[in-house]
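**Student:** Give the three-dimensional model of this entry:
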Amino acid sequence: MTERRFIGKKVVITGAAGVFGRWIARAYAVEGAKLYLSDIREDALRDVADELKQEGVEVHWHVTNLVDEHSVNELVHVVEHQWNAPDIVINNAGIYPYRTLMNMTLQDWNDTMDLNLAAPFLLTQQFANQMIVSGVEGSFINISSGAASTAGVGMGNYSVSKVGIEMLTKTFALELSPYRIRVNAVVPGYAPGSEVSVMTQAHTEHMIKITPLGRTSGPDDAPQAILYLTSELASFITGSILTVDGGRTAGRLK
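**Tutor:** Got it, this is the predicted structure:
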């Protein structure tokens, strides 16, 4: 049996009811972590939590509207009440609204920036303060995207938010390094199944075709990279962007 690397570690995961969030939560649960799961979709969030609780995992959950500062503050408060401070925070929640720039409203733009960029800023700032006060040498993971390095029609606001999250990652890594708090980002490959940004079967087939390794991202791909970056094996890694996308952003096959 492999060693369980995260026994007793306290992990906060946003967007935990989504496809990546569920995978990440299960990966940490298998490794012995305690979980605080956050999402805006109460029924789906409860389902994830109940499923893991039945397997003996310590799970807490909070319905959070990450574009509402009061709701974000409430999440931070309940985690502090439960744990004083987390050891690991995964800023996974995000949206991918397809809209060309010429047809985009300011509200469309702001909605994307608020969830994909402002929320991770607030959560990292506040949870880092908890870690500093409690003397926790913690770790943050932000979820970026290949859209940060490759532009595309209809994804301008999303791409800009992900460029921002990568720079936010590097800046927080520098500013939190005196406290031995590490901040990194992971770029997952395409995974079908999102309930927030539904993609067609044709889009999925296209993504498989342009991915050099010829498949979509599975339940062990990005989560195992995240576990590595938040483990002791990566204790000298901060401010890094780890791409786990089957080679899609490396270049074109033809």
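
**Student:** Can you pull out the low-pLDDT segments for the chain?
**Tutor:** Applying pLDDT under 70 to the chain picks out residues 1-2, 194-199.

**Student:** Buried residues in the longest helix belonging to it, which are they?
**Tutor:** Ranked by number of residues, the top helix in the chain under DSSP state H is helix 156-176. For helix 156-176, the neighbour count (16 or more other CB atoms under 10 Å) marks 156-166, 168-170, 172-173, 176 as buried. Quick note: C-beta positions are derived from backbone N, CA and C, even for glycine.

**Student:** And the residue positioned nearest the centre of the chain, its phi and psi?
**Tutor:** Residue closest to the mean C-alpha point of the chain, counted by CA atoms, centre = their mean, is residue 92 at 2.0 Å. Main-chain torsions, residue 92, degrees, to the nearest 10: phi -100, psi -30.

**Student:** quick one, what contacts it?
**Tutor:** Neighbour list for residue 92: 13, 14, 15, 16, 18, 20, 21, 24, 141, 143 [criterion: CB atoms under 8 Å, 6 or more residues apart in numbering].

**Student:** Pull the most distant pair out of those residues.
**Tutor:** Pairwise distances across the contacts of residue 92 (CB to CB) peak at 15.0 Å, for the pair 18 and 141.

**Student:** which residue ranges form the helices in the stretch 151-254 of the chain?
**Tutor:** In the stretch 151-254 of the chain, the helices defined using DSSP state H, counting those that start in this stretch lie at 156-176, 201-210, 221-229.

**Student:** Export those helices as JSON lines, with columns for distance to residue 9.
**Tutor:** Formatted as JSON lines, these follow (distance: least, CB to CB, whole Å):
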{"stretch": "helix 156-176", "distance to residue 9": "18"}
{"stretch": "helix 201-210", "distance to residue 9": "33"}
{"stretch": "helix 221-229", "distance to residue 9": "10"}
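
**Student:** which stretch among those helices comes nearest residue 249?
**Tutor:** Closest approach to residue 249 among the helices of the stretch 151-254 of the chain (CB to CB): helix 201-210, 10.2 Å.

**Student:** Just the residues contacting that closest one, thanks.
**Tutor:** Contacts for helix 201-210 (CB under 8 Å, 6+ apart): 190, 192, 214, 215, 216, 248, 252, 253.

**Student:** Filter these down to the buried ones.
**Tutor:** For those, buried by 16+ other CB under 10 Å: 190, 192, 216, 248.

**Student:** For the last one, which non-adjacent residue is closest in space?
**Tutor:** It stands for residue 248. Distances taken as CB to CB, 6 or more residues apart in numbering place residue 211 nearest to residue 248, at 4.6 Å, with adjacent residues excluded.

**Student:** give me every residue that touches that neighbour.
**Tutor:** Shown in contact with residue 211 (CB under 8 Å, 6+ apart): 189, 190, 245, 246, 247, 248.

**Student:** which stretches of the stretch 1-150 of the chain form helices?
**Tutor:** Listed in chain order, the helices of the stretch 1-150 of the chain (DSSP H, counting those that start in this stretch) span 19-30, 42-53, 69-83, 106-113, 119-134.

**Student:** Please identify the deepest-packed of the ones you listed.
**Tutor:** Comparing those by mean neighbour count (mean count of other CB atoms under 10 Å), helix 19-30 ranks first with a mean of 22.

**Student:** ok and that helix relative to helix 42-53, angle-wise?
**Tutor:** Using axes from the mean of the first three to the mean of the last three CA atoms, to 10 degrees, the direction of helix 19-30 lies 20 degrees away from that of helix 42-53.

**Student:** can you give me the offset of helix 19-30 from its chain's centre?
**Tutor:** Counting by CA atoms, centre = their mean, to the nearest Å, helix 19-30 is centred 11 Å from the centre of its parent chain.

**Student:** Going by contacts, tell me the helices and strands next to it.
**Tutor:** For helix 19-30, the elements it packs on are strand 10-14, strand 34-39, helix 42-53, helix 221-229, judged by 3 or more CB pairs under 8 Å, 6 or more residues apart in numbering; DSSP states H and E.
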